[in-house]
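Asks: No letters, just coordinates:
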């Protein structure tokens, strides 16, 4: 079994009075015995089926837009796992789960180990105040949530977001990763740092 598993779930994203239909990537990292879940979206039953009888070491949320966290409490309770989220995401988290707090704080350079694989948290604010990517050096992979997609940075046109901040985060943190690093995103297809670097560097050079 590959240490990285993936399923796509469908639902809605709501913020600032608008609601949109979205497909989300849910990622699992681990082995036959234990897994870490990233961004449990929309369909708790489908995610639970994917987990099976394995132990869940943590439910890590890259950010707190509702389409990335709406099933976090259900799965955390079902599998007795902590929800881990940057404290800077508290205002967004409370919009979806006002009566439930995350269990642990997600901090820059924090590490997790699951099935002998180390993940490192990389603080990349911009799409939201506490957006965080998860790098897996051993697998030459980074999970970027909604910070970086195939084709460019995540959206910054809504509350709690900043285009200048996300471009700074990408330039300072993500473009420093090896070019062959696979980028597993929160929505859509995966890409690599090397494939995204040329046009991102153009935006940074223009001072945007």
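Replies: Cool, the structure landed. These numbers come from a predicted model, not from an experiment.

Asks: surely residue 34 meets residue 52?
Replies: No: the pair residue 34 / residue 52 is not scored as a contact, 11.1 Å apart, by CB atoms under 8 Å. Heads up, the C-betas are built off the backbone N, CA and C, glycines and all.

Asks: who's more crowded, these two?
Replies: Using other CB atoms under 10 Å, the more surrounded residue of residue 34 and residue 52 is residue 34, with 18 against 8.

Asks: got a list of what that one touches?
Replies: If you count contacts by CB atoms under 8 Å, 6 or more residues apart in numbering, residue 34 has them with 54, 55, 56, 57, 114, 115.

Asks: and these, which of them are in strands?
Replies: Among these, DSSP state E puts 55, 56, 57, 114 in strands.

Asks: Filter the residues you listed down to the buried ones and express that as a PyMOL selection.
Replies: In PyMOL, a selection of the buried entries from the ones in strands among the contacts of residue 34 looks like this (16 or more other CB atoms under 10 Å):
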select buried, resi 56+57+114
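
Asks: For the ones in strands among the contacts of residue 34, give me CSV that also has distance to residue 92 and pLDDT.
Replies: Listed next are those as CSV, based on distance: CB to CB, whole Å; pLDDT from 0 to 100:
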residue, distance to residue 92, pLDDT
55, 28, 98
56, 23, 98
57, 24, 98
114, 26, 98
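
Asks: Let me have the ones in strands among the contacts of residue 34 in a markdown table, adding distance to residue 145 as columns.
Replies: Formatted as a markdown table, the ones in strands among the contacts of residue 34 follow (distance: CB to CB, whole Å):
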| residue | distance to residue 145 |
| --- | --- |
| 55 | 24 |
| 56 | 19 |
| 57 | 19 |
| 114 | 18 |
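
Asks: Over stretch 71-90, what's the mean pLDDT, rounded is fine.
Replies: In this model, stretch 71-90 carries a mean pLDDT of 98.
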